[in-house]
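Chemist: Sequence and predicted structure below; questions after.
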Amino acid sequence: MLAVVASLFALASYRVQRQMTSRYESVVTEYLEAAWDARRDWTLHSMRRAELAAKRLVIEEPQSSKRLLQAAQVDLVSYDRLIAGIARSSQGDRAPLDKNEQWKEIAAQVKGRAIQCMERAARIDDAHGLEARLWIQDWRFRSMHERITVSDERLQDAIRQCEGL
């Protein structure tokens with residue numbers, strides 16, 4: 001009798017886990033699709049919801065480059081939306097400067113998490129890992145262009161790395 005109860009419990013747990021994974025995937029997909037649709041409204045709630053869903057997917061599959069890449073993409077979309085919101089509020093002077101500084105700090109944290117996820121995904125040798133490595137190279141390349149003191153040697157090295165990927 002105990003074996004039957006344990007089996008039923010295990011089966012029910014597995015089924016609930018599969019349903020939750022499916023739900024998390026749909027939340028992440030909807031959020032990423034909304035980033036491309038300018039007509040869709042963005043809220044802080046939708047950002048937090050998508051970030052939590054992406055984190056839960058990473059927790060379920062910590063060695064999956066696909067999950068890490070999705071989490072990074074969610075964070076990058078959130079970063080872009082936060083920066084756009086800061087720019088709009090600065091232009092309209094609707095928010096005090098200290099509030100903007102708080103949002104800038106949150107945006108920097110979100111971007112930091114995205115970079116960490118990209119770096120973790122880049123360590124995995126598959127198609128999603130390759131996409132993460134390309135993103136990291138692009139990010140480094142753009143960062144070099146922002147600095148005035150970039151040497152030609154570092155620039156050529158970055159170009160060779162991109163060609164290698």
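Modeler: Okay, I see it.

Chemist: tell me the contacts of the residue nearest the centre of the chain?
Modeler: Note on the chain: the residue nearest the mean C-alpha position is Ala72, at 2.1 Å, using CA atoms, centre = their mean. Shown in contact with Ala72 (CB atoms under 8 Å, 6 or more residues apart in numbering): 113-115, 117-118, 121, 132, 135. To be clear about C-beta, it is placed using only N, CA and C from the backbone, and glycine gets the same treatment.

Chemist: and if you look at Leu69?
Modeler: Residues in contact with Leu69, defined by CB under 8 Å, 6+ apart, are 117-118, 121, 128, 131-132.

Chemist: in the longest helix along the chain, what counts as buried?
Modeler: As assigned by DSSP state H, the longest helix anywhere in the chain is helix 2-36. Buried residues in helix 2-36, counting neighbours by 16 or more other CB atoms under 10 Å, are found at 24, 27-28, 31-32, 34-35.

Chemist: Quick one: distance of stretch 102-119 to the chain centre.
Modeler: Going by CA atoms, centre = their mean, to the nearest Å, the spacing between the C-alpha centre of stretch 102-119 and its chain's C-alpha centre is 9 Å.
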